[in-house]
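Participant: A structural model of the following input is requested.
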Amino acid sequence: MNLTVKRTTSALCLWKCLVLSLSIFIHTISFSMPAHAKVWVVSHAKQSAQLNINTIRSIFSLRQKHWPDGQMIELVVMDNNAPLHKQFCLDTLNLFPYQLSRIWERQIYTGTAVAPTVVSSEQAMLESIKNNPNAIGYASQEVNNEALHSFVVN
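Facilitator: Prediction:
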């Protein structure tokens, strides 16, 4: 009887610790990025006509490595700690940035994919995409000009 009470008490303490840890984790994530902003996928206009959510997820998880015309896709991303990258991963890919990094590392170390280009700012990302017609990335706002096209993935 006394042993049952101890087990119940320790299980209750474990449950409280899990709930507290989860609430701290959610609180940290929610305050580290803007919750209201959209993330726009940016690519050259000729490539964006064929993109949907499944294609975007395949491209950013390095499962799809070539555009339909056979050209190699170049991913342009920001560092895992960048708020825009976190928001893109969570909202568009439904992954945490560390999960996406693990997918990339697995593919890169097995030699089946090339590492994404990591840039330090959104402006650098747009310049990199503009200079490479096979590149794809993301932005915090709509970008539509002669070279680039952006859209929100739902």
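Participant: now the spatially most central residue of the chain, nearest residue through space, not along the chain?
Facilitator: For the chain, Cys89 is the residue whose C-alpha lies nearest the centre (CA atoms, centre = their mean; 2.3 Å). Of all residues not flanking Cys89 in the chain, Pro97 sits nearest, at 4.7 Å (CB to CB, 6 or more residues apart in numbering). Yep, even glycine has a C-beta here, placed from its N, CA and C like the rest.
Participant: shaky segments in this protein?
Facilitator: In the predicted model of the chain, residues 1-9, 13, 17-37, 45, 48-49, 154 satisfy pLDDT under 70.
Participant: can you name the residues that contact the residue nearest to the centre of the chain?
Facilitator: Residues in contact with Cys89 (CB atoms under 8 Å, 6 or more residues apart in numbering) are 95-97, 99-100.
Participant: contact partners for Asn52?
Facilitator: Val153.
Participant: mind jotting down where the helices sit in the chain?
Facilitator: Ranges of helices in the chain, per DSSP state H, are 2-32, 45-48, 53-60, 83-88, 97-109, 122-131.
Participant: the last one: which residues count as buried?
Facilitator: Of the residues in helix 122-131, those buried by neighbour count under the rule 16 or more other CB atoms under 10 Å are 122, 125-126, 129-130.
Participant: so Trp67 touches Glu74, yeah?
Facilitator: No - look at Trp67 against Glu74 with CB atoms under 8 Å: they stay out of range, at 10.1 Å.
Participant: between those two, which contacts overlap?
Facilitator: Residues touching both Trp67 and Glu74 (CB under 8 Å, 6+ apart) are Asn134.
Participant: still on that earlier bit, distance of the residue nearest to Cys89 relative to Lys130?
Facilitator: Pro97 sits 24 Å away from Lys130, going by CB to CB, to the nearest Å.
Participant: and for Phe151?
Facilitator: Distance from Phe151 to Lys130, by CB to CB: 16 Å.
Participant: also Trp67?
Facilitator: Distance of Trp67 to Lys130, computed by CB to CB: 17 Å.
Participant: before we move on, what about Glu146?
Facilitator: For Glu146, the distance to Lys130 equals 10 Å [CB to CB].
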